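Participant: attaching a predicted model along with its sequence, questions to come.
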There are 2 protein chains.
Amino acid sequence: MYKKVELTDVESLINIVGKQQLFFNDEIEQEYAHDELKTVKHMPEVHVIAQNKIQISQIMTYAYSNNIPVTVRGSGTGLVGACVPIYGGILLDLSRMNRILELDKTNMTLTVEPGVLLLDIYEKVEKEGLFYAPDPGEKTATIGGNISTNAGGMRAVKYGVTRDWVRGLEVVLPNGKIEKFGGKVVKNSTGFSLKDLIVGSEGTLGIIVEATLRLISLPKHQASLLVPFKNREDAIKAAPELIKNHVTPTAVEFMEKQSLQYSETFLGKKIPHNNFEAYLLLSYDGNTDQALNDDIEIASKMALELGAIDVFLVDTEERKKGIWTVRGGFLEAIKASSSEIDEIDVVLPRSNISNYLAYVREVSEQLNVRIPYFGHVGDGNLHIYFCKDELSDKTWKEKIEEGFDLLYKRAFEYGGLVSGEHGIGFAKKKYMKHLLGEEQMRLMKGIKDTFDPKRILNPGKVIE
Amino acid sequence: MYKKVELTDVESLINIVGKQQLFFNDEIEQEYAHDELKTVKHMPEVHVIAQNKIQISQIMTYAYSNNIPVTVRGSGTGLVGACVPIYGGILLDLSRMNRILELDKTNMTLTVEPGVLLLDIYEKVEKEGLFYAPDPGEKTATIGGNISTNAGGMRAVKYGVTRDWVRGLEVVLPNGKIEKFGGKVVKNSTGFSLKDLIVGSEGTLGIIVEATLRLISLPKHQASLLVPFKNREDAIKAAPELIKNHVTPTAVEFMEKQSLQYSETFLGKKIPHNNFEAYLLLSYDGNTDQALNDDIEIASKMALELGAIDVFLVDTEERKKGIWTVRGGFLEAIKASSSEIDEIDVVLPRSNISNYLAYVREVSEQLNVRIPYFGHVGDGNLHIYFCKDELSDKTWKEKIEEGFDLLYKRAFEYGGLVSGEHGIGFAKKKYMKHLLGEEQMRLMKGIKDTFDPKRILNPGKVIE
């Protein structure tokens, strides 16, 4: 159905990007066949590094008229195969489009190319006293990838998700046309929100070539509380209470002894007070020491009333770094602990998390599979990992199939959705189809066909 | 092209909603032919009051198979004709679907029917210590209407717009199917964001029959600052500085002597300190007296450094009410001051507001038309009113035509958009088309045709 990439195509593409920016067939490195989780694999026919939006427009115009599929890739840190070129074709690599174009202090916006890394954004704006609040775990992800999956992160409790921080996008459509959606404006009621349609569309509707992000002033002070509880239930039950009582935490993370130990072992470092069953890790920010201290005091008192065993203030840089490094190491630690892993990224109403995690435990025992998890309990987004360990390939496949079916089914019964922040990509398509049903799939396919009538952009993903 | 409503249709509709809920031909009150601004007028053929989503689904199924156009109406407080049934057909009145369905304190959501008024939402949640932050001027608007235009309001500076507060929607599609988009969840990366497509689509893609709104805890204290400046330029220049310096105001409103006087005259009440040329009216909130006082002190000091003549603290309930009532009376005052008015609702990058308003003054003089304005200078959204006064109908039409062309053209040059919060409806279609261009119109039309292939829902609006 798609045209195979031939030498004449390669020549045409070289004319656009130059010889150094193109790798054909055997020249292509193996890592471009998969993302970070490696559950989906397929080699591209040609790996093309784009350097500016004009090139991207030309490449798309060429691909569109020649019916060659194109899959966009940033840092490749995704977990659902969204950047894997499962139909081959062109892998369009935007990682070198990594210039920060403008920091506009009056309008409080940052305009960037899609390949800029999250960590470079923080560095750029924070030294100017400004703040880009979304805080996904993977700091070497590109902003283009973050926008494409509507990445969430830990600070969503107070500051929302990536979508809330995108003011405007410049996008190359599958037909090569360059369009601007939104702008440097705070409000917008000018037609259907095409910007919001691009956010979270995982590279299937258009290619983000420029993004204008919202900034706010950087909170001057921040501190965390490590709060141990007798058990999971107590900890999770306390979370919504801590969120609603006038002192909004920036983050509310849930950890159990097990995940903590994996991470400590992996990193070779221990956190203080590590001998409890379950924890909430809460963060607060404020503009004066006094205001922050007041908040922390209110929150601490409330935590104790809600059954916390103790409250440990994490205020020095060293302690903060220690604990958040261990928290941040969960995924890496779990990955390192098993020959292979697969993951579920459901998001649930906060009220159902405790019951849901009890069910995860049940499924783990029932299937006899190790299923560690951790979660952004403040926003209801859980990361649940199936570990292959010593299972045979065949058994592993069966266990995942069965376990995923059970866990998604229960999540949907609880008012949950397939993905809180990792997206659908290739790996989660059937669960989304099951949740959303025929009519919503019809709507999404109609939208896809409007943007991409030849279905050449990231084919086989999300809705196909 | 559409089927006219006949007696057999009326009977079928009566079977769905009951005789008391339907008005046909001469029974229909004149007010249902227009919205608040009355610039667009057309009578419906039948006025149908729906009481629940099942009825709406049945009505749409009937209308769809019979090719009868349907236009949804809430309180009719819009300003661009979005609720005017310009092709006749069914006017579907949702104002009686005004039940608050659930306040969920654990998930901090409020689930409502579309006809609930904004003021009823505030009343319901604030007495529970919770906060729905969007603050559009018109408090008797329905939440369905607010979502349909992605209403903004004054607190957008700190808290964002309606879109940011909608977690989930239940929608009846033109074909009668009932679908849920989003849910009680904080994060969502599960396919294209159909929820965000419905928000701001002005009743052209689907009918909102239930909305789940995000709540936060109610800030315990708030105060305003009335800050006079020598002139417009100084005031507007100070606004972005006041926003970015670590103390984020909830609202930053700009007022000039003229609009203030209109409002004072109209309301028959005066505000204190009303003899200055230009003002910023700033609001702040906080959870402790101390924190709020600290913020106010920082902001006051900064305002004086930025050239403010004085800073008046507005902290008593009486003063607050006085000043915000006058501010809130601007639109009514301007309406009352002229036989007819028309309006422009552009949104601009904050940095260009001062120059833009100078241009508005210029155009006013050039055309010899009175053009008062006021603005949410904190978020770049301006409300600019053309007043007919003593002009003949013909001259009035010409002046609007010419003036609007000039002002939109300049707004676009400044990176502005057609509408910050009032929407496109019928009245602003040509300006949107001009701004967004052919390709974006093609995309929006494709989306429309996916949702509504027979184009029976609110025809003639936004994209047609």
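Facilitator: Yep, it's here.

Participant: so what's the spatially most central residue of chain A up against?
Facilitator: Nearest to the mean C-alpha position of chain A, counting by Cα atoms, centre = their mean, stands A:A151 at 3.8 Å. Going by Cβ atoms under 8 Å, 6 or more residues apart in numbering or on different chains, A:A151 touches A:134, A:136, A:141, A:145, A:161-162, A:421, B:189. Yep, even glycine has a C-beta here, placed from its N, CA and C like the rest.

Participant: what's the closest of the residues you listed to A:V326?
Facilitator: Taking Cβ to Cβ as the measure, A:P136 is the one of those closest to A:V326, at 17.6 Å.

Participant: let me see the contact set for that closest one.
Facilitator: For A:P136, the contact set (Cβ under 8 Å, 6+ apart) comprises A:118, A:146, A:151-153, A:162, A:421.

Participant: ok, back up a step: what would the contacts of A:A151 look like in TSV with pLDDT?
Facilitator: Below are the contacts of A:A151 laid out as TSV (pLDDT from 0 to 100):
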residue	pLDDT
A:P134	97
A:P136	94
A:A141	98
A:G145	98
A:V161	96
A:T162	98
A:E421	96
B:S189	96
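
Participant: neighbour-wise, give me the winner out of the residues you listed.
Facilitator: Counting neighbours by other Cβ atoms under 10 Å in any protein chain shown, A:G145 comes out on top of these with 32 neighbours.

Participant: ok, now which ones touch that residue?
Facilitator: A:G145 makes contacts with A:74-75, A:77-78, A:83, A:114, A:151, as judged by Cβ under 8 Å, 6+ apart.

Participant: tell me, how many residues neighbour the residue nearest to A:S337 when sequence neighbours are not counted?
Facilitator: Closest residue in space to A:S337, ignoring its immediate chain neighbours: A:Y262 at 5.7 Å, by Cβ to Cβ, 6 or more residues apart in numbering or on different chains. Neighbours of A:Y262 under the rule other Cβ under 10 Å: 24.

Participant: who are the contact partners of A:Y262?
Facilitator: A:Y262 sits next to A:330, A:333-334, A:337, A:372 when contact means Cβ under 8 Å, 6+ apart.

Participant: same thing but at 6 Å, please
Facilitator: A:333-334, A:337 (Cβ atoms under 6 Å, 6 or more residues apart in numbering or on different chains).

Participant: and if you look at A:A82?
Facilitator: By Cβ under 6 Å, 6+ apart, the contact set of A:A82 is A:202, A:423, A:425, A:461.

Participant: which strand or helix spans the closest residue to A:I16 other than its chain neighbours?
Facilitator: Of all residues not flanking A:I16 in the chain, A:Q58 sits nearest, at 4.7 Å (Cβ to Cβ, 6+ apart). Per DSSP states H and E, A:Q58 falls inside helix A:53-66.

Participant: likewise for A:F404?
Facilitator: Going by DSSP H and E, A:F404 is part of helix A:393-413.

Participant: chain B versus the residue nearest to A:I16, what's the distance?
Facilitator: 17 Å (Cβ to the nearest Cβ, to the nearest Å).

Participant: on the three-state scheme, A:I208 is what?
Facilitator: Following DSSP: H, G, I helix; E, B strand; the rest coil, A:I208 is assigned to strand.

Participant: ok, what's across the strand from it?
Facilitator: For A:I208, the beta-bridge partners under DSSP bridges are A:V171.

Participant: surely it touches A:G144?
Facilitator: Yes. The pair A:I208 and A:G144 passes the contact test of Cβ atoms under 6 Å, sitting 4.9 Å apart.

Participant: which residues of the stretch 151-300 of chain A lie near chain B?
Facilitator: A:152, A:156, A:161, A:164, A:177, A:179, A:183-193, A:196-197, A:200-201, A:217, A:240, A:244, A:246, A:287-288, A:291, A:294 (Cβ under 6 Å from any Cβ of the partner chain).

Participant: surely A:K180 forms part of a strand?
Facilitator: Yes. Using three-state DSSP, the assignment for A:K180 is a strand.

Participant: isn't it up against A:V172?
Facilitator: No. Counting by Cβ under 6 Å, A:K180 does not reach A:V172; the two are 11.1 Å apart.

Participant: tell me which of these two has more neighbours.
Facilitator: A:V172 (27 against 18).

Participant: so how far is chain B from the more buried one?
Facilitator: Taken as Cβ to the nearest Cβ, the span from A:V172 to chain B is 11 Å.

Participant: next up, the contacts around that residue.
Facilitator: A:56-57, A:60, A:178, A:207, A:209.

Participant: and with 7 Å instead?
Facilitator: Contact analysis of A:V172 by Cβ atoms under 7 Å, 6 or more residues apart in numbering or on different chains lists A:53, A:56-57, A:60, A:178, A:206-207, A:209.

Participant: how about A:L130?
Facilitator: So A:L130 contacts A:108, A:215, A:217-218 (Cβ under 7 Å, 6+ apart).

Participant: next up, phi/psi of it, please.
Facilitator: For A:L130, the backbone dihedrals (degrees, to the nearest 10) come out as phi -120, psi 170.

Participant: distance of A:R96 from A:G18?
Facilitator: Distance, A:R96 to A:G18, using Cβ to Cβ, to the nearest Å: 12 Å.

Participant: ah, wrong one, I meant A:E332
Facilitator: On the measure of Cβ to Cβ, A:E332 and A:G18 end up 36 Å apart.

Participant: same check on A:V360?
Facilitator: With distances taken as Cβ to Cβ, A:V360 is found 50 Å from A:G18.

Participant: buried residues, the helix holding A:F404. List them.
Facilitator: A:396, A:399-400, A:403-404, A:406-408, A:410-412 (16 or more other Cβ atoms under 10 Å in any protein chain shown).

Participant: now do stretch A:141-156
Facilitator: So for stretch A:141-156, counting by 16+ other Cβ under 10 Å, buried means A:141-156.

Participant: which one of these is nearest A:K321?
Facilitator: Looking across the buried residues of stretch A:141-156 and measuring by Cβ to Cβ, the closest to A:K321 is A:M154, at 14.9 Å.

Participant: ok, and the closest non-adjacent residue to that closest one?
Facilitator: In space, and not counting its chain neighbours, A:M154 is closest to A:A251: 4.0 Å by Cβ to Cβ, 6+ apart.

Participant: my guess is that neighbour meets A:G153, correct?
Facilitator: No. Judged on Cβ atoms under 7 Å, A:A251 makes no contact with A:G153 at a distance of 8.4 Å.

Participant: who's in contact with A:A303?
Facilitator: A:A303 neighbours (Cβ under 7 Å, 6+ apart): A:227, A:238, A:242, A:311.

Participant: A:L382 falls within a strand, correct?
Facilitator: Yes. Under three-state DSSP, A:L382 falls within a strand.
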